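[1] build me a model from this:
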Amino acid sequence: MVSQNPFSRHKKYLCFTLALFFGFSCAESTTKTVYYNANGYTIESDTLRSFSTLVVDGERVFAVGGEDLAEEFQASPSVTAIDLEGKTLLPGIIDAHGHVMGLGFQELQINLAGITSLQGTLQALKEYAEANPELEWIIGRGWNQTLWEENRFPTAADLDQIILDKPVWLSRVDGHAGWANSKAMQLAQVSSDSPDPDGGKIIRDTRGRPTGVFIDAAEGYVQRVVPESTREEQALALDAALSLLGSYGVTSVHDAGLGVETWELYKQFAEQGKLRTRIYGMISGAGAIFDQLSNEGPINSLYNDRLALRSVKLYSDGALGSRGAALIEDYHDDPGNKGLLFVGQEEMNAMAEKVVAKGYQANIHAIGDAANRQVIDALGYAQELHPHGDQRNRIEHAQIVALEDIGRFKELDLIASMQPTHATSDKNMAEDRVGSQRIEGAYAWQSFLAQGTIVASGSDFPVESANPFLGIYASITRKDVQGSPLNGWYPEEAMDRVQTLKSFTLDAAYAGFQEGVLGSLESGKWADFIIIDQDIVTAPDSMLWQTKVLETWVAGKKVFDRSTD
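    Next comes the predicted model:
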């Protein structure tokens, strides 16, 4: 009598269990692939698990384990075996806050990010305009006056020096301010008589004339005359974004604010098999777009978890760099200015309540401490009226939080959706804006984690780079890529390596109700994984941001290969 292989019994039991849970067939698969000799890491609960073998059955993870697992499967002629030669393998990165179409259009338009002077910015614009004479508008993004030698807001007159005959519209790096030339303002019919809208501000000279910079809601003056992108341009932008995300190892992204046309485009790409990155969508606002997209209620999953639409993106305030973030007390470096709340408390309460009442997750942008307090109050109000189930409401950015409000995240079971590179990008101006006391509640990742609050990490691309290894480096070191400051910027708030990896994988999946299918390499989950060129668990801190992705796999299919890119 021949004894049965105990691993075969294990496989049958595992398949039966997974079949009950996921609904797939237990017929013997011929699509298994075993990746062996790997330096693998995944998160299980709060623990970092190491493994050397990953077995993928079609689109899903079948098992992870050691050499004995590899030997078991390599013996079968129907299994494909791939030797990873000691390379590091991780779960696919989940970016919990990005702007997919914004990233794509940045790839198609002029990108001014990182330029360190006004003159350098103008020179780049001049060269771009000369190289693209067919463009009716010059449109771009990325300028940041706090990086410039001049350290001042730019003006229309600056742009007029180089481009006078066609309109120019340039979004600030954070998207919360825009810069126009005189031609664009003329088309927008902006004058000294144009009022500041609620939640917005026109920067003016001493005589009250618009200078060319529009903050937050005031951007609408110019945006409404900018030609809308065509369907073809939108498709090109989406394809460009997906290609870039794949090259960075991002297998899933939470898209922070989308409209009807974009949602239809995402579905079209998914139907055609072109959606190479999973998208967890946030409906843009609680108004007409929400009313249209929420007709059938939250969409938990489409196209094998390629798409979801079960959350809503709301805004409370602007950004810190443009002094649009709403503060409880005046800006430290601009007395008399407290920034801008987009709406009053009653309206924010009503929006949050509308979203939560319909079963959607409320994901609300809040940068300043006044904005965070307003959002906490609104979510508390909504959750008290509708105390149903597992809501997982989120505050996006949670950037400057009054110390007495940090504990309220835990009381209300709110998720802190934060972006590590914001801290290292903002460190040159953040303390100037808020002073030495309020900075203690800023970018406070470890304070949130210590009380049991989930921190879901992202990048906020294209505000920051979509490269998650810059965020991983910033999270662990609190330094910029030049290694400054030497000991890290407020290093007590840094996350350790396990916390960081979890925040970009399993906790980011949790923030999208997807921890059962994404975020770790466990049996039954989608086979979303990446292979990278160094061990980020043991590599020196200074090397982390230089990590390169060699391969990206989504549902067991390779979507990026550096060797052929």
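
[2] which regions of the stretch 101-250 of the chain sit below the pLDDT cut-off?
    Within the stretch 101-250 of the chain, not a single segment meets pLDDT under 70.

[3] if you could redo that for the chain, that was the one I meant.
    1-30.

[4] show me the residue at the heart of it, geometrically.
    His97 (2.3 Å; Cα atoms, centre = their mean).

[5] name the SS class of it, please.
    Three-state call for His97 (DSSP: H, G, I helix; E, B strand; the rest coil): strand.

[6] isn't it up against Gly458?
    Yes. In this structure, His97 is within contact of Gly458 by Cβ atoms under 8 Å, at 3.5 Å. For the C-beta atoms, the positions are set from N, CA and C on the backbone; glycine is no exception.

[7] who touches both of those two?
    The contact sets of His97 and Gly458 overlap at His254, Ser417, Gln419 (Cβ atoms under 8 Å, 6 or more residues apart in numbering).

[8] save these as TSV, and put in secondary structure too.
    Shown next, in TSV, are the shared contacts of His97 and Gly458 (three-state DSSP):
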residue	secondary structure
His254	strand
Ser417	strand
Gln419	coil
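
[9] which one (most neighbours) among those residues?
    His254 (29 neighbours; other Cβ atoms under 10 Å).

[10] hmm, it is touching Gly458, no?
    Yes. Between His254 and Gly458 there is a contact under Cβ under 8 Å: 6.8 Å.

[11] tell me the contacts of Asp528?
    Asp528 neighbours (Cβ under 8 Å, 6+ apart): Pro91, Gly92, Thr251, Ser252, Arg278, Leu518, Trp553, Val554, Ala555.

[12] list the contacts for Leu135?
    By Cβ under 8 Å, 6+ apart, the neighbours of Leu135 are Ala129, Lys166.

[13] use 2 as the first number for this chain going forward.
    Sure thing, new numbering starts at 2, so read that last one as Leu136.

[14] Leu119 is in contact with Trp149, correct?
    Yes. Trp149 is within contact range of Leu119, at 5.1 Å (criterion: Cβ under 8 Å).

[15] which residues in the stretch 452-566 of the chain form helices?
    For the stretch 452-566 of the chain, the helices defined by DSSP state H, counting those that start in this stretch cover 469-478, 498-504, 507-511.

[16] what lies in contact with the last one?
    Pointing back at helix 507-511 there. Contact with helix 507-511 is made by 44, 92, 95-97, 253, 255, 393, 416, 455-459, 516, 518-521, as judged by Cβ under 8 Å, 6+ apart.

[17] what about Val80, how many residues nearby?
    17.

[18] contact partners for it?
    Here Val80 is in contact with Lys33, Thr34, Val35, Phe74 (criterion: Cβ under 8 Å, 6+ apart).

[19] cross those residues against strands and list the overlap.
    If you go by DSSP state E, these have Lys33, Thr34, Val35 in strands.

[20] what's the closest of those residues to Ser426?
    Thr34 (39.7 Å; Cβ to Cβ).

[21] my read: that closest one touches Val57, true?
    Yes. Taking Cβ under 8 Å as the definition, Thr34 is a contact partner of Val57 at 4.8 Å.
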